[in-house]
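> Have a look; sequence and predicted model below, questions after that.
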Amino acid sequence: MAKTASTTPRKPNEALMKPVQPDETLAAVVGSTPLPRGELTKKLWDYIKAKGLQDTKNKTLINADEALKKVFDGKTQVSMFEMTKLVSGHVKK
């Protein structure tokens, strides 16, 4: 017996849609206006790509410039997963 596709549209996660306020350190990278988390992550990736900060050998690593080093607690390189955790520390809920 085959499963039928659900016809109800998927609701976006409310927590991801709620705007968060970047602190001064993160605002230097993504701007100072409140953003939903998804948009904040998109702006962060736009910054990383524009500056060529993704490691060329290991794409899961991000190399920090001076602005990102402040966001990354002084680390010069972090994984994508660690980056998410560190960025969370720079938003006011």
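Looks like it came in fine. The model shown is predicted, which means the values in this text are computed figures rather than measured ones.
> Helix, strand or coil: sort out the most centrally placed residue in the chain for me.
A centroid search over the chain (C-alpha atoms, centre = their mean) returns Thr41, at 2.8 Å, as the residue closest to the centre. Three-state assignment for Thr41 (DSSP: H, G, I helix; E, B strand; the rest coil): helix.
> low-confidence ranges in the protein?
1-8, 12, 15-16 (pLDDT under 70).
> In it, what residue spans correspond to strands?
19-22, 35-36, 61-63, 77-79, 91-92 (DSSP state E).
> so can I have CSV of the ones you listed showing mean neighbour count and distance to Lys11?
Heads up, the C-betas are built off the backbone N, CA and C, glycines and all. Below are the strands of the chain laid out as CSV (neighbours: other C-beta atoms under 10 Å; distance: least, C-beta to C-beta, whole Å):
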stretch, mean neighbour count, distance to Lys11
strand 19-22, 17, 18
strand 35-36, 17, 14
strand 61-63, 19, 31
strand 77-79, 17, 30
strand 91-92, 13, 23
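> residues contacting Gly89?
By C-beta atoms under 8 Å, 6 or more residues apart in numbering, the contact list for Gly89 reads Asp73.
> Can you give me the neighbour number for Lys70?
16 (other C-beta atoms under 10 Å).
> nearest residue to it other than its sequence neighbours?
Thr25 (4.8 Å; C-beta to C-beta, 6 or more residues apart in numbering).
> where's the one you found relative to Leu53, distance?
Applying C-beta to C-beta, to the nearest Å, the value for Thr25 to Leu53 is 16 Å.
> Could you do Pro36 as well?
Taking C-beta to C-beta, one finds Pro36 at 23 Å from Leu53.
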